[in-house]
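K.L.:
Coordinates for the following, if possible.
(chains A and B)
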2 protein chains.
Amino acid sequence: MGTCINHPERETSYLCMKHNAYLCDECLQCRDPELYCKFRESCAIWFMTKKKAGLDADVAPDTAKDAPSEHRVVFRPEGKEIRVPEGTTLLEAARRAGVHINASCNGKGACGKCKLVVTSGRAQRQSTPLLTDSEKDKGYVLACMSKVSGDLTVRIPEEALQRKLKVAGMGQEATARLKGIVIPPEPILKEIPLVLDPPTLQDAVSDLDRLKRGLKKANCDIDRLNVGLPVMRQLAASVREENWKVTVAVMQRKCSNEILAVYPGNGGAPSLGLAIDVGTTSVVVYLVDMADGTILAAASGHNQQAACGDDVINRMVCAEKNGVRKLSRMALATINNLIYEALDGAGATADQVRNVVVSGNTTMAHLLLEIEPHYIRREPYIPTVTEFPLLKAGDIGLTANPVAAVFIMPGPASYVGGDIVSGLLYTGLHREDPLTLFIDVGTNGEIVLGNKDWMMTAACSSGPAFEGGGIRWGMRAEDGAIEKVTIDPATLEPENATVGDQPPRGICGSGMIDLIAELLKVGIIDRSGHFATDWNHPRVVTVNDEPAYVLVFAEQTPMKEDIVFTESDLKNLIYSKGAVYSGFTTLLAEAGLDFTMVERMVITGGFGQYLNIEKAIRIGLLPDMDRDKFAYLGNSSIAGAYMALLSEDYRTEALEICNNMTYIDFSSNPRYMDEFTSALFLPHTNLEMFPSIAA
Amino acid sequence: MGTCINHPERETSYLCMKHNAYLCDECLQCRDPELYCKFRESCAIWFMTKKKAGLDADVAPDTAKDAPSEHRVVFRPEGKEIRVPEGTTLLEAARRAGVHINASCNGKGACGKCKLVVTSGRAQRQSTPLLTDSEKDKGYVLACMSKVSGDLTVRIPEEALQRKLKVAGMGQEATARLKGIVIPPEPILKEIPLVLDPPTLQDAVSDLDRLKRGLKKANCDIDRLNVGLPVMRQLAASVREENWKVTVAVMQRKCSNEILAVYPGNGGAPSLGLAIDVGTTSVVVYLVDMADGTILAAASGHNQQAACGDDVINRMVCAEKNGVRKLSRMALATINNLIYEALDGAGATADQVRNVVVSGNTTMAHLLLEIEPHYIRREPYIPTVTEFPLLKAGDIGLTANPVAAVFIMPGPASYVGGDIVSGLLYTGLHREDPLTLFIDVGTNGEIVLGNKDWMMTAACSSGPAFEGGGIRWGMRAEDGAIEKVTIDPATLEPENATVGDQPPRGICGSGMIDLIAELLKVGIIDRSGHFATDWNHPRVVTVNDEPAYVLVFAEQTPMKEDIVFTESDLKNLIYSKGAVYSGFTTLLAEAGLDFTMVERMVITGGFGQYLNIEKAIRIGLLPDMDRDKFAYLGNSSIAGAYMALLSEDYRTEALEICNNMTYIDFSSNPRYMDEFTSALFLPHTNLEMFPSIAA
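P.N.:
Residues are numbered from 1 along each chain as shown, chains lettered A, B, ... in the order given. This next block holds a predicted model:
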């Protein structure tokens, strides 16, 4: 038994031994060649499994007797067409025609993603709440909920095509940002093409020994080579299929190599890699061409685990109540949906993915791998694993070639994880002289202080406020999020900018920083975090008995509701920024240093695309240092994961970073509590610490 | 999904994470503690799985409401008793009472092994052809086919107890033969007891790092240590269960180690090992105490693959027709039945078995591991693997702890396999000065010539005649086999001795050699292999138009049929002995040597317990050398497997033997055909080669 290569959530016993790929019944019945394997034409075993499934490979469907009547379905704009029996779903028809339709829930009618527009002909539709009346009027259907009952022409809606272009476009942007960082790529799973000498009576060594001889010639260390039963079982057929031309996939571990697969022939489809950032709130996936490092597509989305709570503590409590498996499944579902989206955007198949790097905090890594996180949240806060061995995608359940090698970013402690190591890898703090203060503000805040000689790190419970958590209209920095705010001191009218110039739907981290700084400047709030009570202005209102500022009036929002910022929201953000700032001061004090000695300050995290440093200092989130010393780098975790995906040196560096960091536990540190209390003012109780603001 | 630890043929999804053991529904429902795990009382996960199965651990069966009426079953001679609901099978009742009953087919009514005698009370019996009328009259029932329908007393029949004593007794004999060869034992899977320091805030390394620190102190190389997901998933619970006392099972590979399991606590049930000889015809299993090398039990039986043909060629043809999986399953069924029998004889559980060595010819090894043997039988005769990596019992499907390490004896060529390497390991040919000729006559004949400086090897198609194959009354050397024969030249009456002094049921290899030598001596057959036609004697008869000698008359046999030896039988044996003898002469000639230079001759194989060297020379199976040079060692393959099970040095030596042998292919050697033709006389065409016989 194994999980279907196309649907990792399905267990199946049909294994294409040759390609080491499991296929579920649906995939087996499906005639879309991409869905099972690229070698299909020459794969005897594929035919075997197909026959096992009761299909006759040689009989075309339209010659079958007693079959239901057939109808023609045309898919626009591609123009592909197919004849299918009456009653076939449009999703199935699309698959048979080789037309990819996004369907995260696999045709269960649950995700609403497989929208099509029927432009002519008949489809028998089941009712669904996932289409609006306006969509229904325009002929929208869900492909999985609609059955063919006559000749049909359907169109993939513009927005789906746009989405596909977008994930490819995001890949181009990411490539522009990162390409050139790593050249030439060194994958984890090396694919070594070999041309072996055929055996003779005089040279009758075993197939495995012949393969090892070839690997030795290719400078692979064969003394440390392991090989598992599945590879041995298919070896004799694989080496002979293309007349002793093979490609060997070898995973290099610390002191041993393992042959994970032997493919017939040299060449084949390009080998791809995945860099994955599993955040507590957001997940980002890059699909990478392993030949040159080009990011072919990028996709991001919400971690489905959010249904179990906003922060890592709640996730762990949930795992204890409901079993870690549930949380693991949620993370996998999130990641695999994004992988599908990225593969779709790049027109690639999961089988091509042979290298994966996952970066995430310690709790996320444990939950993804279904490792009980029980002791992470209990004193003395012990994770089960900090340095993960190389794993295989099939063991975890990731959508990729089952033998794809998976490197999990190591993380030094329960509350400073692989995402931080990944971030450091990207910033280069550990390689350079300048004393640097690094902060990652995500759902939690992690701080690193140091340079190439030493590093100290700590975590502060900043909470998810800057990512939108616990803030009434808070949201991630995605389309429609207010990311910049200025308020006219005379009129109190705000000027907002949103991500993607879309109608405002909420406010993201960078917008909140701007907003607080502006509210403080115009006097709507005071330094202690209270709203002034003497304003008589339509934007200064009371919401559920607490004062609030109206950022956008209802008529300008798609929800037709006021986007407001309340005193509770402000309090939450002051707690968050106070936690971060007191983290800086405590860590510096532990090192016997102060801000004047810090030569560089690197900020990363989920604030949004732009972070206004000046305003962040004004609210006391960042220290009052020379503005030139600051750099905002966005999501550094995915960038480090990308680097590790492409370079053995960077993977080694990641392990070194992890081992060289000294972790300081704030939970038992009385100084931290004092510093925190002092930081609960705007910008701070002690204005001497913010001379440029005080002035 | 995995296979039940007690019933490897059953797939189940109930996993006791803590003990890394799968349990099928039946085992889960069963209240016999030995059947699931020894830690049951303290194993929370066991209770979890039990609850999952709908059982309430706290409610004793006799307090349940609406339950069917219960009855008492007493098992003699042990005297154990149990109350079970009406309708429970006696097999199930025995399991619940902790009474072991041999049931190879797992209660399907197919093997007929679970015989019990009902001495008082009522059992509702299903009819079965597996009990004779006489047995039924005596109250015999099959435990799996009989349901409790009232209070009962049953008795385990004497023969079952005897069988149990016998496998233990065979173990004692084997121990006497082999013990002392290896001291002290070095298992493949090292079990390292550790007492770890509990974590503190000051020492907050991960559980895995703490474990590695402990292993390092215990001199285990942790730089080369791999660990898989299943171990990581249970690690946090395992280390804490017995307050940081753990036992770590580490498998050492060439250049890397792997943690295969972490058990709570130090100590526990004794660790056991299995030495397994998988012959084409017979399979032998030794169950070994890994603490001191004592063989606790030994069991042997027929390879079920025999249904697919007598020799390796037919097995391979069968694998091509029906799939290698079928042959693999047959080998596994044979081996697993014998393992159960051995475990039963020793009163041990499969879970205790953590080390396994398998010795078999190249075809047997491929078939067992489900590796396609297609190219072994086709020129240029290429096996897929000759040196096998270390495997896990669970991957293969052997009845043992799923993480038990399995070492497969390496074999140098398609027709000289691991059984020969194992034999050499036992004889020590490769360690000593004297030039030695080694022959293993099993279903095939393999010859090795050499000493500590060099070794040549070849295979000759001797066929299975000496193991009983193709001989009308041929059989393996087991109870009732005629193993010694002398014929009175005056009366032509034979004097036979049988294995175990049982009534004669057939004739084994050593008996055949005796018989031919005697028939030749008294003149019933001539040197060309023909029966003399001029005898008028009740023992010289015609059977199906061919002459034959009656070895035992029908009334003296349990089958009530004459045991005869026909001219066809004789011809088969002459072919076999000719193939072996011409192998000797050809190999010597290839080395530029002759028999006079041979200082020692070692004979191993399945002839029987005693081999009459003099008579073997007289028929031309063995060369006419000084009788002192001969040694008959019985089954050397199992002996070598036993040695490799207990010693790392011997495992290394086995690999060296394999690499140091030069294989000579006879199939393309014209000299071999000439030598073979000359050897088809008794003892040989050229009597000068047998001076002592000619004299």
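K.L.:
Closest approach to chain B from the stretch 501-650 of chain A, which residue is it?
P.N.:
In the stretch 501-650 of chain A, the residue that lies nearest chain B is residue A:590 (14.4 Å; CB to the nearest CB). Every residue, glycine included, has its C-beta placed from N, CA and C.
K.L.:
Just to check, that residue is in contact with residue A:666?
P.N.:
No. Using CB atoms under 8 Å, residue A:590 is not in contact with residue A:666, being 9.6 Å away.
K.L.:
List the residues that contact the residue of the stretch 501-650 of chain A closest to chain B.
P.N.:
A:456, A:664, A:671 (CB atoms under 8 Å, 6 or more residues apart in numbering or on different chains).
K.L.:
neighbour-wise, which of those leads?
P.N.:
residue A:664 (21 neighbours; other CB atoms under 10 Å in any protein chain shown).
K.L.:
How about it: what's its closest non-neighbour residue?
P.N.:
residue A:458 (4.4 Å; CB to CB, 6 or more residues apart in numbering or on different chains).
K.L.:
Please apply the same query to residue A:528.
P.N.:
residue A:681 (6.1 Å).
K.L.:
and that neighbour, helix, strand or coil?
P.N.:
coil (DSSP: H, G, I helix; E, B strand; the rest coil).
K.L.:
Just want the most central residue of chain A.
P.N.:
Nearest to the geometric centre of chain A sits residue A:284, at 2.5 Å (CA atoms, centre = their mean).
K.L.:
So that one is in contact with residue A:276, correct?
P.N.:
Yes. Between residue A:284 and residue A:276 there is a contact at 7.3 Å, judged by CB under 8 Å.
K.L.:
who touches both of those two?
P.N.:
What both residue A:284 and residue A:276 touch, as defined by CB under 8 Å, 6+ apart, is the set residue A:638.
K.L.:
Quickly list what the closest residue to residue A:146 other than its chain neighbours is bridged to.
P.N.:
Excluding the flanking residues, the one nearest residue A:146 by CB to CB, 6+ apart is residue A:123, at 4.2 Å. Under the criterion DSSP bridges, residue A:123 forms beta bridges with residue A:148.
K.L.:
From chain B, how far off is residue A:123?
P.N.:
Using CB to the nearest CB, to the nearest Å, residue A:123 is found at 39 Å from chain B.
K.L.:
Tell me how many other residues crowd that residue.
P.N.:
Residues near residue A:123, counting by other CB under 10 Å, number 22.
K.L.:
And for residue A:380?
P.N.:
16.
K.L.:
Please name the residues that touch the nearest residue to it once chain neighbours are set aside.
P.N.:
The shortest distance from residue A:380 to any non-neighbouring residue, by CB to CB, 6+ apart, is to residue B:201 (4.4 Å). By CB under 8 Å, 6+ apart, the residues touching residue B:201 are A:379-381, A:665, A:668.
K.L.:
In helices, which of the residues you listed fall?
P.N.:
Applying DSSP state H to the contacts of residue B:201, no entry is found in helices.
K.L.:
among those, which ones are buried?
P.N.:
By neighbour count, with 16 or more other CB atoms under 10 Å in any protein chain shown, those hold A:380-381, A:665 as buried.
K.L.:
and of those, the nearest to chain B?
P.N.:
The closest of these to chain B turns out to be residue A:380 (CB to the nearest CB; 4.4 Å).
K.L.:
burial count for the residue of chain A found nearest chain B?
P.N.:
With CB to the nearest CB as the measure, residue A:256 is the residue of chain A nearest to chain B, at 3.5 Å. Here the number of neighbours of residue A:256 (other CB under 10 Å) works out to 20.
K.L.:
Find the nearest non-adjacent residue to it, please.
P.N.:
Nearest one to residue A:256, counting by CB to CB, 6+ apart, is residue B:256 at 3.5 Å.
K.L.:
next one: residue A:686
P.N.:
residue A:678 (6.2 Å).
K.L.:
Where does the prediction get shaky in chain A?
P.N.:
Chain A contains residues with pLDDT under 70 at A:1-9, A:11-67, A:103-106.
K.L.:
Show me the domain layout of it.
P.N.:
A:2-58, A:70-156, A:189-264, A:272-408, A:419-463+A:576-690, A:465-573 (automatic domain parsing).
K.L.:
Quick one: those domains as a markdown table, columns for distance to residue B:95 too.
P.N.:
Output for the domains of chain A, formatted as a markdown table (distance: least, CB to CB, whole Å):
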| stretch | distance to residue B:95 |
| --- | --- |
| domain A:2-58 | 29 |
| domain A:70-156 | 42 |
| domain A:189-264 | 32 |
| domain A:272-408 | 30 |
| domain A:419-463+A:576-690 | 50 |
| domain A:465-573 | 54 |
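K.L.:
coming back round to it: the residue nearest to the centre of chain A should be in a helix, yeah?
P.N.:
No. Counting by three-state DSSP, residue A:284 is not found in a helix; it is strand.
K.L.:
Look up how far residue B:110 lies from it.
P.N.:
57 Å (CB to CB, to the nearest Å).
K.L.:
and if you look at residue A:146?
P.N.:
In this view, residue A:146 and residue B:110 are 51 Å apart by CB to CB.
K.L.:
In terms of neighbours, single out the busier of those two.
P.N.:
Legend: neighbour count by other CB under 10 Å for residue A:146 and residue B:110, higher for residue A:146 (24 against 14).
K.L.:
Could you pull out the helices in the stretch 401-550 of chain A for me?
P.N.:
Secondary structure of the stretch 401-550 of chain A, counting by DSSP state H, counting those that start in this stretch: helices at A:418-427, A:509-522.
K.L.:
neighbouring contacts of the first one?
P.N.:
The one in question is helix A:418-427. Counting by CB under 8 Å, 6+ apart, A:277, A:279, A:358-362, A:364-365, A:408-412, A:430, A:436, A:438, A:440, A:442, A:446, A:448, A:455, A:457, A:602, A:604, A:633, A:636-641, A:643-644, A:650, A:653-654, A:657-658 sit against helix A:418-427.
K.L.:
give the contact list for the residue of chain A closest to chain B.
P.N.:
Contact analysis of residue A:256 by CB under 8 Å, 6+ apart lists A:224-226, B:224, B:226, B:253-256.
K.L.:
For residue B:168, state which of the residues you listed is nearest.
P.N.:
residue B:253 (34.2 Å; CB to CB).
K.L.:
Return the residues in contact with the nearest residue to the closest one once chain neighbours are set aside.
P.N.:
Taking CB to CB, 6+ apart, and ignoring the residues beside it in sequence, residue B:253 has residue B:390 as its nearest neighbour in space, at 5.6 Å. Contact analysis of residue B:390 by CB under 8 Å, 6+ apart lists B:188, B:251, B:253, B:405-407.
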